[in-house]
Every structure is written in structure tokens, then in C-alpha cells.
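In: I would like to see how this sequence folds:
(one chain, ligands or ions: 1)
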Amino acid sequence: MIVQEYTLLRTGDKLVRTNLVKLARICCIFLVMATFSARATEDSVSSLAQNPRCASGLEWIDKNSGWVTDQQIRLTEIPAPEFNEARRGEFLKDVFEATGLKVRIDETGNVIGERAGTDPNRVILLAAHLDTVFPGADVRVRRVAGRLEAPGISDNGAGLAALAGLARALSESRIRTTKTIVFAGDVGEEGEGNLRGIRALVESYGPRLAAVIAVDGPSTEHITTQGIASRRIEVSITGPGGHSWSDFGAPNPITAISRGIVQFSSIRVSDHPRSSYNVGVIEGGTSVNSIPSRVSVKVDLRSEDEAELSRMELALRQAMQAGVKEETSGWHSPNHSLQLSFRLLGARPAGKLPDDSSLLQVIRDVDRYLGNHSRLERSSTDANIPLSLGTPAVALGAGGRGGGSHTPNEWYDPSGRELGLKRLFLIALSLATVQP
Ligand SMILES: [Zn+2]
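Out: Now for the predicted structure:
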């Protein structure tokens, strides 16, 4: 077989050679075109950075990252658990107003600061969520060896402070842009907020939105271009309850839900598309010597693919039904039953920014100009909503380093945060187009 193939190649030799020459020429043309276009866009970022007004904004960032860190500490120390973002929002409103933005708070609770461009019909939205996952936590910021420690300091104290810093840098630079730049501290990103803040923003700006950048957490190393779909479901089981001794044998909702959780957590979760689940909160029962009459559990399901998410939701429902059946069968009292119910707490749609999107091109050009290395990522963020509607969107970090997100040991290291601020500054101005 090998000899035959070789012979075939020999007989078509001339043809192959001619085609190779053609292919090489085409490749050369594409290579030259790609080099020129990469250089052209790179040049446009470098000439933007040399624009005296832009340069003064960049210089402000270099000299004032301490001011940004101060805002981050003050914002973080105002508690803002989900559905209680108003106080932090009021503070952010004052910060935005002091930078010269035209600020309002919409009926959802979003703090919206506008910097008008010459074309009011084209809008670049920079959004950072106000809310945290820590109801009742001590949010005082501790400084430990150059690091800041507090729940919510990175997620999303870093993002909110970055918006304040960008608004201030733009105001100091006195740059005029074609598109309007909107800064928004939005509500309802975490937990059961179901992205209600960004949903309201995307709805109100509608077709005027040219691009959305969600600024979430620290780092400059990622560009989140894919929004992971998620569903958050509360499973509840109720029953007759009773005395632990005299009513022994009545079905126990806590035992039933535990059986269901064990069954569900033994299912295989897909790697492709990547999927995950988390049993996050369990509540129920009144005392150690009472058979509980109610229990509930909150479960978070995520996947890159909506169909896989539906499969996981079905598996959860079946596992819980099986758990109830197990608990109420056998030696338990046949006169009692358990009621099982499901409640959808939130659903986030999936979405993906196309690889050839001009938004992605702008970010890559700015990264190349700054010498910043970044990779594409998938996550569940405010960007899910615009992405699911076909509006160009990404989630980016605010710069600096951080860790322990969604834990009480969350930390943020502001050293080097200027890179993240300059990156966002140049991206916003490239997208909004600077007026001569
Ligand atoms: Zn976040």
C-alpha cells in the first residue's frame, strides 16, 4: 500500500509542486497582511497612548493607585450582601459624582454614572457588581504584610475600585470620546440575585450597547469570553414532624433529603462540555429531639452547554424523588408521607464571544502593547447576559493579585494594580474612540 501511494504521488508530482508553490504564495500574502494588520492595530494603541490627554490619564493612574486602593477599602467595609447593596451603592454614587460623572440610581438599585460621548446612541458599558456572598460577616479590612484581607476585598472590591479609578483618570485626562462611556455598580450578581442588575442595564441601553466589560475580581491574566450557563434550585421536603421518641418511625425530611443528595452526588459529571454542581446551603429542623417537619437544600448546577444542564437538573429531581421513596418505604409508618417540591432560584443563560470579534481584537492589541500575557477563559459573570443576547461582552480582572474568593479568608495584593487599570483605560478608550 505504501509503495502504491508513493507511486501515485510521483505521477502527480508536477501537479503537487505547482499547488505547493500556489499555496506558499497565498500563505506569504496572508502572512504579510496579518503582519500589517497586527502592526496597524498595535500602532493605533501606541498612538492612542501617546495622545497627550490619554498620556495624562495613564500618568494619573501611575501616581494615584493608592487613591484607588483607599476607595477599595472604603467600599469593602460597607456590607453589601445580596439584596442589600443600597448603602454601598450610595457611597459609590458619591465617588462617581466627585469624578464628574452624571449619576443616577435606577429602580433595580444599579448605580449608573455616564460620561457622554459625541454620539449618545453608542455606549460602552463598564460594570462591576456591588454585592458579596457574605451576609453578616465582619468586613473590616486588615493589612497583613502588604496584603489586604477581608471578605469581598477582591470580589468585587477590586472591580468597583477600578471603575472609580478609571472614571477619575478619564476626568483628569479631559479626553473626549465618540461613544458614551457608562460606569455601573450593579446589583444581584452573586447568589440568588440572578443577574438582575445587569439584566436591567442591558435592557435599558438595548441596541445602543456597543460592548460590555464586566470588571470582576483581580488579575490581568484572563479574558472571559464564554459565559457558563447555570441553574440554582431549591429542593424542599416537608412532612408531619413529631416527637423523636413517641413518633419514631414517621418519615424524616432531613434523612430523605440526605438520601437524595447522596444519590445525586454519585452521578457522573461531564468533562466535555465541562459541568459542575454544588450543594451549597442546607436548612431545616428545630431541635435535636424533634422529627423535623421541613428541610431545604440549595443546589448550583453549571455547564458550558444548556442541554447538559437540563440533564443534570433531571438527575437532581430523580435523585430527590428516589430519596423520598426510600425514606417512606420499608418499616416506616405507612400512614405518613413526605412532600417534595422544587423552586428555581435563578437561571443564567450561556453565551460566547466569537473568536473574530473586534472587542477581542482590541483587548489583544492592548495586551500586546502593554506586554501583558492573557488567556481566554469561561466563567459565570455579568457578561453572560449581554453574551446570551449577542452583544459583544467580556469579563476582565481589575489588576493586582487576589485569592480566597467566596471564603472568609479572601485577600488582595494591590502591588502592580496599575497594569490592570491602564489595560482597562486603554481598552475603554479604544472602544469609545477618542475625539481629535
Ligand atoms: Zn464577582
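In: Can you show me the helices along the stretch 151-300 of the chain?
Out: For the stretch 151-300 of the chain, the helices defined by DSSP state H, counting those that start in this stretch cover 157-173, 196-205, 253-264.
In: now those in a markdown table, with distance to Val187 and mean pLDDT?
Out: Every residue, glycine included, has its C-beta placed from N, CA and C. A markdown table is the format used below for those (distance: least, CB to CB, whole Å; pLDDT from 0 to 100):
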| stretch | distance to Val187 | mean pLDDT |
| --- | --- | --- |
| helix 157-173 | 12 | 98 |
| helix 196-205 | 4 | 98 |
| helix 253-264 | 31 | 97 |
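In: For the ion, find the nearest of those.
Out: When those are ranked by proximity to the ion, the top entry is helix 157-173, at 6.9 Å, counting by CB to the ion.
In: can you tell if the closest one touches the ion?
Out: No: against the ion, helix 157-173 shows no contacts by CB under 5 Å from the ion, the least distance being 6.9 Å.
In: Restrict that helix to CA atoms and write it as PDB.
Out: Extracted in PDB, the C-alpha atoms of helix 157-173 (Å, rounded to 0.1, in the frame of the first residue of the first chain):
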ATOM      1  CA  GLY A 157     -14.000  45.400  45.900                       C
ATOM      2  CA  ALA A 158     -11.200  45.300  43.300                       C
ATOM      3  CA  GLY A 159     -13.700  45.700  40.400                       C
ATOM      4  CA  LEU A 160     -15.600  48.600  42.000                       C
ATOM      5  CA  ALA A 161     -12.400  50.500  42.900                       C
ATOM      6  CA  ALA A 162     -11.200  50.000  39.300                       C
ATOM      7  CA  LEU A 163     -14.300  51.700  38.000                       C
ATOM      8  CA  ALA A 164     -13.800  54.600  40.400                       C
ATOM      9  CA  GLY A 165     -10.100  54.800  39.300                       C
ATOM     10  CA  LEU A 166     -11.000  54.700  35.600                       C
ATOM     11  CA  ALA A 167     -13.700  57.400  36.000                       C
ATOM     12  CA  ARG A 168     -11.200  59.600  37.800                       C
ATOM     13  CA  ALA A 169      -8.400  59.000  35.300                       C
ATOM     14  CA  LEU A 170     -10.700  59.900  32.400                       C
ATOM     15  CA  SER A 171     -11.900  63.000  34.100                       C
ATOM     16  CA  GLU A 172      -8.300  64.100  34.900                       C
ATOM     17  CA  SER A 173      -7.300  63.500  31.200                       C
END
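In: could you say what helices and strands that helix packs with?
Out: helix 52-63, helix 65-76, helix 86-98, strand 111-115, strand 119-129, strand 179-186, strand 209-215, helix 417-432 (3 or more CB pairs under 8 Å, 6 or more residues apart in numbering; DSSP states H and E).
In: Which of the ones you listed sits closest to Ser388?
Out: strand 209-215 (11.5 Å; CB to CB).
In: Any idea how far the closest one is from the middle of the chain?
Out: 12 Å (CA atoms, centre = their mean, to the nearest Å).
In: and this structure, which residues reach the ion?
Out: Checking the chain against the ion by CB under 5 Å from the ion, the hits are Asp155, Asn156, Asp216.
In: I'd say Glu377 and Gly217 touch.
Out: No: judged on CB atoms under 8 Å, Glu377 makes no contact with Gly217 at a distance of 11.3 Å.
In: Now do the nearest residue to Gly109 once chain neighbours are set aside against the ion, distance only.
Out: Take Gly109 and drop its neighbours on the chain: the residue closest to it by CB to CB, 6 or more residues apart in numbering is Val187, 4.2 Å away. Distance from Val187 to the ion, counting by CB to the ion, to the nearest Å: 13 Å.
In: show me the contacts for Val187.
Out: Phe83, Glu85, Gly89, Thr108, Gly109, Asn110, His129, Leu130, Asp131, Gly193, Arg196, Gly197 (CB atoms under 8 Å, 6 or more residues apart in numbering).
In: wait, is the fourth one part of a helix?
Out: No: the secondary structure assignment for Thr108 gives coil rather than a helix, going by DSSP: H, G, I helix; E, B strand; the rest coil.
In: give me the residue from the stretch 51-200 of the chain nearest the ion.
Out: Closest point on the stretch 51-200 of the chain to the ion, by CB to the ion, is Asp155, at 4.1 Å.
In: State the number of residues packed around that residue.
Out: 23 (other CB atoms under 10 Å).
In: same thing with Leu92?
Out: 29.
In: Go ahead and confirm it touches Gly157.
Out: No: using CB under 8 Å, Leu92 is not in contact with Gly157, being 11.1 Å away.
In: Need the residues touching each of the two.
Out: Common neighbours of Leu92 and Gly157 (CB under 8 Å, 6+ apart) are Leu75.
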